[in-house]
Every structure is written in structure tokens, then in C-alpha cells.
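Q: here's my sequence, what's the structure:
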Amino acid sequence: MRLGGKALGSGSLYRHLERTRVDEFFDTGSLYLTTLAHCQTHPIVSRRDPREGQTNFSMQDGDLMMAGISKAGGRSYLLSTSISCGKDIQTRFGTDSWIEIFDVAGFADAVAKVLGCKAEPLVGGCLYTDVKQVDDVAPFPLNDIFAPLQKALEIGEPEAVAEFHNTNKKICQLGAELVGDNAFFMKDRVPYEIEDEVRFAWFVDQPVKPRPFLCPDARDFCNPGHK
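A: As a prediction, this is how the structure comes out:
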């Protein structure tokens with residue numbers, strides 16, 4: 001298990017759900033995993049974040065600046081939990097039950113085996129901020145990127161189009177490297193901070209969509225909880 005985001009404490013984590021879904025997990029091992037993309041349009045408003053997995057970034061090099069939006073999560077499954085099982089969080093999600101995960105590493109590894117993950121699962125607390133942005137000094141002279149593009153534009157088609165796409169790919173790659181794991185954990189302070197969220201992310205080799213997985217061994221690291 002790899003750690004990211006806000007440091008974890010030593011206590012349990014809680015996955016808040018309706019009682020029927022908690023019972024289903026302990027009866028059959030069925031665990032529903034979501035994706036960052038699905039969270040952007042989640043049908044339940046309290047679980048929806050239109051900017052999920054999208055993080056602004058900027059790089060400064062003297063008078064030159066490069067900025068953009070980094071997007072993540074195209075090949076990862078997600079499970080959201082909370083460090084709290086109090087009344088406020090239950091009201092927030094409109095739930096009456098939860099899955100208590102008392103062994104975080106054991107749970108993460110059990111799910112990873114079912115998914116066939118080659119990379120370690122990523123776990124950490126969300127980083128609540130007023131602005132979802134990562135800023136840094138450019139790792140190399142930005143003119144190394146902009147000069148070839150300017151030259152291509154002066155020459156015209158088709159060199160300009162090809163160079164534009166090459167430059168855009170470079171910017172996206174640099175943005176993803178700068179944002180790093182923050183893409184999975186940065187969230188707007190309002191209205192999400194009340195959730196005290198801790199996330200699991202599992203990385204796979206193919207595109208993902210929300211779906212249930214049978215993870216019976218994951219139950220060994222959990223307890224059911226109800227109001």
C-alpha cells in the first residue's frame with residue numbers, strides 16, 4: 001500500500017451506505033467501486049463533485065508561465081470512506097449504516113488482488129483547499145517548448161498543427177507530473193470538508209467504469225455498523 005494525500009491516523013475508516021448494501025457486502029463480498037469520472041456526475045448530489053480528478057496547475061519561468069488543467073483517473077477504481085461515523089456525516093449522505101474498515105492495508109490489498117492490480121493501491125486523506133491548484137517553478141526553460149511552436153506557426157500548415165499537438169501533449173504530461181497524486185486527493189474546502197474523506201485508489205491496465213466486484217476476503221478486515 002502506498003500513502004498519499006493527508007496522513008492517515010491509526011483508527012478505523014467508515015464507508016457510509018444504506019443498510020441493504022452493507023448487508024450485501026458481508027453476505028456475498030460484493031463491493032461497489034466507482035471512478036473519478038463518475039463522481040463528476042453522480043446521481044446523488046451529496047456525492048457529486050463536478051471537478052473531481054481535475055486540478056489546475058501553473059509553472060513559472062521568469063516572465064513566462066505555462067498553465068492548464070490536469071485530469072486523472074482514467075484507469076483507476078475509487079472507494080471513498082470517512083474517518084467519522086457520527087450523526088453529521090450520516091446526515092450528509094442520508095445513510096443509516098456503514099462498513100468499518102479496521103485494517104486499512106489488509107483491505108486495500110485484498111481488493112487489489114481481485115482487480116489484478118500490478119501497482120500498489122494508493123490510500124490517503126483528502127486535502128481540502130480554497131483553490132484546487134498546484135504551482136511550481138518550471139523544471140526547464142519554457143522557451144524550449146514555446147519556441148518550436150512559434151516557429152511552426154510562422155511556417156504554417158501542416159507543420160503548425162503537428163507542432164501544436166506535440167506541444168499540448170508535453171504540457172499535459174508536465175501538468176500530470178507536477179500535480180502527481182494530488183489529483184486523487186485535492187478537493188474544494190466548501191462544501192466537502194465536512195466529509196473527512198479518506199480515499200482508496202486501485203490502478204488497472206484498462207479503462208474503468210463503476211461496477212461491483214466480489215471481494216469476499218476483504219470482509220476479514222471489516223465490521224458492519226448500523227445506527
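Q: element containing Val198, please.
A: Taking DSSP states H and E as the criterion, Val198 maps to strand 197-203.
Q: run through who's touching that strand.
A: Contact with strand 197-203 is made by 5, 8, 13, 33, 75-83, 107-108, 111-112, 115, 117-119, 121-126, 184-185, 187, as judged by C-beta atoms under 8 Å, 6 or more residues apart in numbering. Where C-beta positions appear, they are placed from N, C-alpha and C, glycine not excepted.
Q: with stretch 179-196 instead?
A: With C-beta under 8 Å, 6+ apart, stretch 179-196 has contacts from 4-6, 36, 49, 51-55, 57, 70-73, 76, 78, 80, 82-84, 88-89, 92, 122, 124-130, 132, 134, 176, 197, 199, 201.
Q: redo that, cut-off 7 Å
A: The contact list for stretch 179-196 (C-beta atoms under 7 Å, 6 or more residues apart in numbering) reads 4-6, 49, 53, 55, 57, 70, 72, 82-84, 88-89, 92, 122, 124, 126-130, 132, 134, 199, 201.
Q: quick one: mean pLDDT for that stretch?
A: For stretch 179-196, mean pLDDT rounds to 92.
Q: can you pull out the strands in the chain?
A: 2-3, 13-17, 30-33, 54-61, 64-71, 76-82, 97-101, 122-125, 127-129, 133-137, 186-188, 197-203, 211-214, 222-226 (DSSP state E).
Q: which secondary element of the protein has the worst mean pLDDT?
A: helix 143-155 (a mean of 76; mean pLDDT, DSSP states H and E).
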